[in-house]
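[1] Show me how the following folds:
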Amino acid sequence: MKKVVLTGGGTAGHIMPNIALLPYLADCEIHYIGGRGMEKELIKSFHNVTYHEIPCVKYARGFFFKNLLIPFKLLRSTLIARKVLKSINPDVIFSKGGYVSLPVALAAGKTPVITHESDMSLGLTNKLIGKRCKYVCTSFDVTAQKIKNGIYTGALIRRDLLLGKRRSSFPTLLVMGGSLGSTAINNCISACLNKLTTEFNVIHIVGKGNASHPHTANYEQIEFTSSMADVYADADYIISRGGANSLFEIAALRKKALIIPLPKGASRGDQIENAEYFRSRGLVKVLDQNLLTPERLLSELKELKNFQPQKFSVDGTKKVARLILET
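    A predicted model of the protein is given here:
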C-alpha cells in the first residue's frame, strides 16, 4: 500500500485542498503532518488519516524582531519533522504550502515532494521549496508558465461542495472573510446590518474567535463551518476576501460575488492579483478595501443583483491525485 504524507495548515486555505484529495487517495495509507492549529481539529474526523503534530513557526509580517528567532525555531521543527518522516517512511509527500508545510518539505530528504500553489504568485514556502520539489502544481495557468518544474493542474476543489442542499427560499447573502475572519468586512457588515436584513437573509462567517452573537432577525453569525456545501447552496450573493480557493469555489458554483481582497501590506498582494484575474474574466466584481464603507457596500450589492458571472471551472483535484499516485 502506498504511503502518502499530506501537510499544510494554519488556515482553511491550506487544509481544505488536502481534504479534497482524500477521496482520490482511498487506497493509500494516509498520514497528515501539521501543527496544533485548526488542521488538527479538521483532520480528526477522518478516521483513515493518522495525524502527527509538530511545532511550527510563522513569519510575522511587519515584525522584524519577532522574526529573528525563526531560523532556530525552523531548524528544531525540521529535525522533529525528519524523525516523524523516518517513522512513516512515506513514498511521497504532498505539500499545500504555508508555514506548516515548510519544515516537512525541508526534512523530506530523498522522498519526492509535490507542492501546490493556489495563488497567482508563489507564497514564501513554495518559493523556498519549489526547486527541490518534483512538481509545483498551480491553480492558475500563468503561474506554471513561469516555473521550470511547474505544472498547471487547476484548483483543488472538494467535490461535496457541488452537492449542497438549499435551506432557505429568502434571498441570501453569504459574507466570509476567510477562516480567520476579516475585521474590516465584519465591522462594515455590522454598521449596515439593519438595512441588509431588510433585503437578505445574511449568513456571516466571522472567523475563529470573532463571534459576538447579536440577536437580529434574518442574521446568522458563525465563526467557522465545515458544512460549506449547504451554505453555498443557500447563497444567492457572496461577499468574500480574495483567497484563491474561495474564488475558484465561487466560480465553480457560478455565484454572484463581490470580492474585497486583503490589501498589500497586510499580505504580499496575492489576493489583489487573484481578484483582478477573476474580475478580468467576468467572474466576480471587485471592491478595493480602501473604498469600503457601509454606503458603498450597499451600492455594490445593488449592482451585484444584475451581474451575470461567466462560466468558468477548472477542478484539478483528480489531476493532482494522479500525480501523487504516479510519483
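
[2] Would you mind putting the CA coordinates of stretch 312-319 into CSV?
    Provided in CSV are the C-alpha atoms of stretch 312-319 (Å, rounded to 0.1, in the frame of the first residue of the first chain):
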residue,chain,number,x,y,z
PHE,A,312,-15.6,29.0,-15.6
SER,A,313,-14.5,26.0,-13.7
VAL,A,314,-11.1,24.3,-13.5
ASP,A,315,-11.0,21.5,-11.0
GLY,A,316,-7.6,20.0,-10.8
THR,A,317,-8.1,17.6,-7.8
LYS,A,318,-8.1,14.4,-9.9
LYS,A,319,-5.0,15.5,-11.8
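
[3] which residues are contacting that stretch?
    Here stretch 312-319 makes contact (C-beta atoms under 8 Å, 6 or more residues apart in numbering) with 20-21, 24, 137, 139, 152-159, 248, 251-252, 281, 283. For the C-beta atoms, the positions are set from N, CA and C on the backbone; glycine is no exception.

[4] please redo it, this time with the cut-off set to 10 Å
    Residues outside stretch 312-319 that contact it (C-beta atoms under 10 Å, 6 or more residues apart in numbering) are 17, 20-21, 23-24, 116, 137-141, 151-159, 161-162, 248-254, 278, 281-283, 322-323.

[5] Please apply the same query to stretch 287-294.
    With C-beta under 10 Å, 6+ apart as the criterion, stretch 287-294 contacts 182, 184-185, 187-193, 195-196, 239, 241-242, 258-263, 266, 271-272, 275, 296-297, 299-300.

[6] of those, buried ones?
    182, 184-185, 188-190, 192-193, 196, 239, 241-242, 258-262, 271-272, 275, 297, 300 (16 or more other C-beta atoms under 10 Å).

[7] Which of those fall within helices?
    184-185, 188-190, 193, 196, 271-272, 275, 297, 300 (DSSP state H).

[8] quick one: low-confidence parts of this protein?
    59-67, 69, 179-181, 213-215, 266 (pLDDT under 70).

[9] Which helix in it has the most residues?
    helix 70-88.

[10] helices or strands next to it in the packing?
    strand 3-7, strand 29-34, strand 49-53, helix 101-106 (3 or more C-beta pairs under 10 Å, 6 or more residues apart in numbering; DSSP states H and E).

[11] How far does the first one sit from its chain's centre?
    Think strand 3-7. Relative to its parent chain, strand 3-7 has a centroid offset of 19 Å by C-alpha atoms, centre = their mean, to the nearest Å.

[12] Next: the third one.
    The gap between where strand 49-53 is centred and where its chain is centred comes out at 20 Å by C-alpha atoms, centre = their mean.

[13] just the second one next, same as before
    Centroid separation for strand 29-34 versus its chain: 19 Å, with C-alpha atoms, centre = their mean.

[14] Which residue ranges of the stretch 101-250 of the chain form strands?
    113-117, 135-138, 150-152, 172-176, 201-205, 219-222, 237-240 (DSSP state E, counting those that start in this stretch).

[15] could you redo these as a markdown table and give each row distance to Gly8?
    A markdown table is the format used below for these (distance: least, C-beta to C-beta, whole Å):
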| stretch | distance to Gly8 |
| --- | --- |
| strand 113-117 | 9 |
| strand 135-138 | 13 |
| strand 150-152 | 18 |
| strand 172-176 | 20 |
| strand 201-205 | 20 |
| strand 219-222 | 23 |
| strand 237-240 | 21 |
